[in-house]
Structure formats: C-alpha cells, structure tokens
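Q: here is my input; please provide its structure:
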Amino acid sequence: RPPDAAAAAVGGGAGGAFWALAGRCFEDREEGQGAGGAGYVYTVCPYQRVEQQEVRGRRAHGAAVHLGRGMHWEEVNKVLVSTGGDKCPGIGPRKTRIEFSCGLEDKVLEVSEYEMCSYLVSFETPAACIISDDEADTDVDQTLRII
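A: Below is the predicted model of the structure:
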C-alpha cells in the first residue's frame, strides 16, 4: 500500500516492495571529487529528491545542489529516474538515474557523474530481489529453451 499520493503516482514496483523506501533518505560520501580535493555528500531520497553537498573535512561548504526532484520508473523494479534538478549552465536541469540491485539492506553503494550534470546512483535493496510475474515467466521460458 502506498505511503502517500506522490509514491502512489510513481508506483511501488512488484508487489509494492519499493514503497518501503518512500519517506526515507540515504547518504553516500564520495571523497576528493570536488575542487581542491573536497568531497561530496549525496542524499538520496527515493520518491522525493537527490541532492549533492560539497564538504571539506566534516563541514558542509555552500548550498546543496538538487540533482533531481520528480521521480518516475524508467524500468520498473530496476531504474528510477529523478528529473527537474537545479539548472546546469548550458545544459539544463540536472537528472539522476537510480539503478537498483538485489541486496540484504537498503544502501547507496556509489554515486557518479557519468555525463555532465547527469548522475548515476547504484542502490542496493531487498526490494530489488523481488521479481514480477512477467520476469518469472520469461526466466522459466528461457530455462525451458536451454533444457
């Protein structure tokens, strides 16, 4: 069951498993990516937003940059896309792809900028371990062809 209207509009994946991530935020610290060796703290809130904050040592430096605010599934159970982030000069709004993989706990594994102002979040969650009926049917069909 969806926790709120925003999550309901996006969808919870197979069996609503991804709704367990709604209303929660996860952080990842990437060292030495910024100017002068500064690092970044990324805050990933599935169903809400993705932010980047520059840090030097343990202190935040400057305002948080929004890497995306609106969410939609690009590939249900696998890729959630966050669009409408802060404007990137000469490019437009920043955007983020959250790629989910099966894991024992909910956590951000890594955040990278794969293209100027386009970010990739590798996110591990038990929700990604659940497969849809369509995927199960495909797996069975492929297994039968091999046998």
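Q: residues of stretch 92-108 that come out buried?
A: 93-100, 106, 108 (16 or more other C-beta atoms under 10 Å). From N, CA and C alone the C-beta is placed, and that goes for glycine too.
Q: for residue 19, state which of those residues is nearest.
A: Using C-beta to C-beta, residue 106 comes nearest to residue 19 of the buried residues of stretch 92-108, at 12.3 Å.
Q: can you tell me how far the closest one sits from residue 61?
A: 28 Å (C-beta to C-beta, to the nearest Å).
Q: middle-most residue in this structure, spatially?
A: In the chain, the residue lying closest to the centroid (C-alpha atoms, centre = their mean) is residue 98, at 2.7 Å.
Q: that residue contacts residue 48, doesn't it?
A: No. Contact criterion C-beta atoms under 8 Å: residue 98 and residue 48 do not qualify, at 11.5 Å.
Q: for residue 130, list the residues it contacts.
A: With contact taken as C-beta atoms under 8 Å, 6 or more residues apart in numbering, residue 130 is in contact with 13-15, 17, 77.
Q: let's see it at 10 Å
A: By C-beta atoms under 10 Å, 6 or more residues apart in numbering, the contact set of residue 130 is 13-18, 77, 102.
Q: in stretch 51-63, what's buried?
A: 51-55.
Q: narrow the residues you listed to those in strands?
A: Among these, the members found in strands (DSSP state E) are 51-55.
Q: re the thing from before, got JSON lines for the buried residues of stretch 92-108, with secondary structure too?
A: Output for the buried residues of stretch 92-108, formatted as JSON lines (DSSP: H, G, I helix; E, B strand; the rest coil):
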{"residue": "93", "secondary structure": "strand"}
{"residue": "94", "secondary structure": "coil"}
{"residue": "95", "secondary structure": "strand"}
{"residue": "96", "secondary structure": "strand"}
{"residue": "97", "secondary structure": "strand"}
{"residue": "98", "secondary structure": "strand"}
{"residue": "99", "secondary structure": "strand"}
{"residue": "100", "secondary structure": "strand"}
{"residue": "106", "secondary structure": "coil"}
{"residue": "108", "secondary structure": "strand"}
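Q: next up, the contacts around residue 65.
A: Contacts for residue 65 (C-beta under 10 Å, 6+ apart) come out as 40, 42, 50-54, 85-86, 88, 94, 117.
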